[in-house]
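>>> fold the stuff below for me.
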Amino acid sequence: MLRTLGHACLALYRHGETPLLITDPWLVGSVYWRSWWLQNYPTAEEVDWLARSPRVYITHEHPDHFHMPSIRRLGSGPAYLFPALAEQGYLAYMVRYGYRAEAITPLRWLAIGECVSILSIPLWNDDSMLLIDTPRALILNLNDAKPQPPVLRAIRHMAHRIGKPRILLCSYSPASCINSFLDESGIVSLKPARQYVDYVCGLCDTLAADFYLPFASQAVFERQDSCWANGYRTSYDDLRRYWQSEAQLLPPYTTLDLANFTHHSIAPEQYRPMERSRVAALTGHRVADEEATALSAEDVAGLERKLNVFRWLLWLFFPRGFAFQLGERSLGYDALRGRLEESNASNRGDFIVVIPKLTMKEAVRNNHVSELGISMFVRIRLLRRLDPRKVYALFALFQVDDYGHLESPTALLRWLARGIRYTFALRLPVPRP
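Residues are numbered from 1 along each chain as shown. As a prediction, this is how the structure comes out:
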C-alpha cells in the first residue's frame, strides 16, 4: 500500500501493518516563519502509526521536507536516511540531537523488506529523488527535485527494464519568489498555473508513468503578509482542468493499493486544517516578535558578507545596486564598493527586497538566506524595467553559498564533480530479484 499524508510524506506499508518506510515528514505545525501551514493535518493516531516506521528518508534540507518539530514528534525510534549530497552537515546535526542518521549509498538498491528496495539519486541542486521498487509497482518520488533531461532518460531506461507500472509523485505548485515581484501595475508573475500542470504532464509522459499522485504542494499560506500567495497556488482543480497526460491523475491524500491499483482519497470537506484561532495566535505572535526586533551591526555585517561572496557578479547584473527594506530601515547595497549602508529606499537601485527584520536576522545567522525566497511574505519591488529572473537568480546564488559549496576550492570541485556525475554520467542499475 502507498499513502500520502501531510505535505510530502509518503508511507509504504503492507495492509494492517506499520510502515516499512516514510519520507519527508512535515506532519505538525508550520514552516517558513509561520507562513506555510498544511491543508490537511494527520491525526495523532496517524502520527503515532508513522512513528513506528523503522526508517525515514529525507530528500533534502528545506524545512517543509526536513521538519524538526515533526521529527521530534516521531522520536528517535526510526533510522533517518539522507541522500549522499556534496555537503552532509545534516548528519552531524541529527546525531548531535540524539537521532540515528546516515547517508545511504547513491545509485545502489537497498533492500528494506521482502521484495522491496529503495534507490537514492542525489542531484546537483542539493535535492534528491527516491525510487522504490515493490513486487508489482515502481514508485518514482521526485518531490521538488526538477531533474534534468539526462536524469529522466536514465530513470525511464531503467524503468523499462524493470517493466512494472509506474507511480509518479512530485510537486506541482510554485514554492519560490516566482510570483513575489511587484511593479507599478501590481504583481509580476513569471509563470501561470497552466505551465506547472504542463510540466507535470511532461514528466508523466517522459517517464511513461501510469499514475500521478499530487505531492509536496499541500500547503496554504496564513500570515497576513503571505495569504496573497494562495491565489497563485496551482490547485488540484487546475490539475484536473489542464491535465493532458495519459497517466491517471489521482487526488491528493490518496491510499493506493499496489496489488490491484484501486484507491481511495480524503475528500476536501474532510480535511483537517489547523484550528483558525491557533493559526491566528501563532502568526500574530510571530509578526509581533518581528516588529519588536532590532537589527544589530553584526546582522548587517553578516548580510554584507553574504552579498560580497557574489560581489562582482551582482555588480554585473545590477550596476545601479539594490536595497533591502527591513522594517523602518532601508539598506542599500553597492556591489562596486562591496558596502551595505543606510539609504533612501524610494529611489535606490533596481529593486527593493522587503523582508521582516527578525526573519532576515535568523536567515543570516542560520546561513539559510536562500529560504527567504520561499517564505511567500518577502516581496520584491521592481523600480525599473528589469528582468525579474535576474533577481530570482540572486536567491539561487544564495543557495550555493548556504550549502557550503563555496567554502573552499575542494568543496566547489566536489559539488561540481558530483553534479556532472549524477546528471550526465548517470547509470541506474535494476534491483536484484
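
>>> CA-only coordinates of stretch 189-199, as PDB, when you get a sec.
Only the C-alpha atoms of stretch 189-199 are listed here, as PDB (Å, rounded to 0.1, in the frame of the first residue of the first chain):
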ATOM      1  CA  SER A 189       4.000  36.700 -12.300                       C
ATOM      2  CA  LEU A 190       6.700  34.700 -14.100                       C
ATOM      3  CA  LYS A 191       4.600  31.500 -14.700                       C
ATOM      4  CA  PRO A 192       0.900  30.800 -14.700                       C
ATOM      5  CA  ALA A 193      -0.700  27.600 -13.200                       C
ATOM      6  CA  ARG A 194      -1.100  26.100 -16.600                       C
ATOM      7  CA  GLN A 195       2.700  25.900 -17.100                       C
ATOM      8  CA  TYR A 196       3.100  23.900 -13.800                       C
ATOM      9  CA  VAL A 197       0.500  21.400 -15.000                       C
ATOM     10  CA  ASP A 198       2.100  21.200 -18.400                       C
ATOM     11  CA  TYR A 199       5.400  20.500 -16.600                       C
END
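
>>> what residues does that stretch touch?
The set of residues external to stretch 189-199 that reach it, using C-beta atoms under 8 Å, 6 or more residues apart in numbering, is 172-174, 178-179, 181, 232-235, 238-239, 241-244, 388-389, 392. Yep, even glycine has a C-beta here, placed from its N, CA and C like the rest.

>>> what's the answer for stretch 173-183, then?
Contacts to stretch 173-183, defined as C-beta under 8 Å, 6+ apart, come from residues 64, 144, 187-191, 196, 217, 229, 232-235, 373-374, 376, 378-382, 388, 391-392, 395.

>>> drop anything exposed from the contacts of stretch 189-199.
For the contacts of stretch 189-199, burial is judged from neighbour counts taken by 16 or more other C-beta atoms under 10 Å, and it is met by 172-174, 178-179, 181, 232-235, 238-239, 242-243, 388, 392.

>>> next step: these restricted to helices.
Counted as lying in helices by DSSP state H, out of the buried ones among the contacts of stretch 189-199, are D238, L239, Y242, P388, Y392.

>>> now for the residues you listed: which two are most distant?
Farthest-apart pair in those is L239 and P388; separation 25.5 Å (C-beta to C-beta).

>>> okay, and which of the contacts of stretch 173-183 map to helices?
Using DSSP H, the contacts of stretch 173-183 in helices are Y196, P388, V391, Y392, F395.

>>> which pLDDT value belongs to the first one?
In other words, Y196. With respect to pLDDT, Y196 scores 97.

>>> also the fourth one?
Per-residue confidence (pLDDT) for Y392: 92.

>>> same question, the one 4 residues further on
With respect to pLDDT, A396 scores 92.

>>> go on, A345?
We note a pLDDT of 56 for A345 in this prediction.

>>> re the thing from before, what's the closest of the ones in helices among the buried ones among the contacts of stretch 189-199 to A111?
Compare each of these with A111 using C-beta to C-beta and the shortest gap goes to L239, at 34.1 Å.

>>> could I get the full set of helices for the chain?
44-51, 68-74, 89-96, 149-162, 193-206, 236-242, 276-292, 297-308, 311-317, 357-365, 388-402, 409-424.

>>> tell me the contacts of F395?
Residues in contact with F395, defined by C-beta under 8 Å, 6+ apart, are S176, C177, V369, S370, L372, G373.

>>> domains in this structure, as residue ranges please.
Recorded structural domains for the chain (assignment: automatic domain parsing) are 2-270, 293-402.

>>> what's the least confident stretch among those?
Going by mean pLDDT, the lowest-scoring of these is domain 293-402, which has a mean of 92.

>>> measure R329 to A363 for me?
Relative to A363, R329 is positioned 16 Å away (criterion: C-beta to C-beta, to the nearest Å).

>>> one more: R414?
25 Å.

>>> which one of those two has more residues nearby?
Neighbours per residue (other C-beta atoms under 10 Å) separate R414 from A363, with A363 holding more: 24 against 15.

>>> give the burial count for the closest residue to that one other than its chain neighbours, as a bare number.
For A363, ignoring the flanking residues on the chain, the nearest one in space by C-beta to C-beta, 6 or more residues apart in numbering is V369 at 4.8 Å. Counted with other C-beta under 10 Å, the burial measure for V369 works out to 23 neighbours.

>>> contacting residues for V369?
When contacts are counted by C-beta under 8 Å, 6+ apart, V369 is found next to L303, K306, A363, F395, F398, D401, D402.

>>> once you drop chain neighbours, what's closest to the first one?
Spatial nearest neighbour of L303, excluding adjacent residues (C-beta to C-beta, 6+ apart): V364 at 5.3 Å.

>>> and the contacts of stretch 173-183, which of them are in strands?
Judged by DSSP state E, the contacts of stretch 173-183 include I187, V188, R379, I380, R381, L382 as members of strands.

>>> in a markdown table: those, plus neighbour count and distance to S128.
Formatted as a markdown table, the entries for the ones in strands among the contacts of stretch 173-183 read as follows, by neighbours: other C-beta atoms under 10 Å; distance: C-beta to C-beta, whole Å:
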| residue | neighbour count | distance to S128 |
| --- | --- | --- |
| I187 | 14 | 32 |
| V188 | 15 | 32 |
| R379 | 19 | 31 |
| I380 | 23 | 29 |
| R381 | 18 | 35 |
| L382 | 17 | 34 |
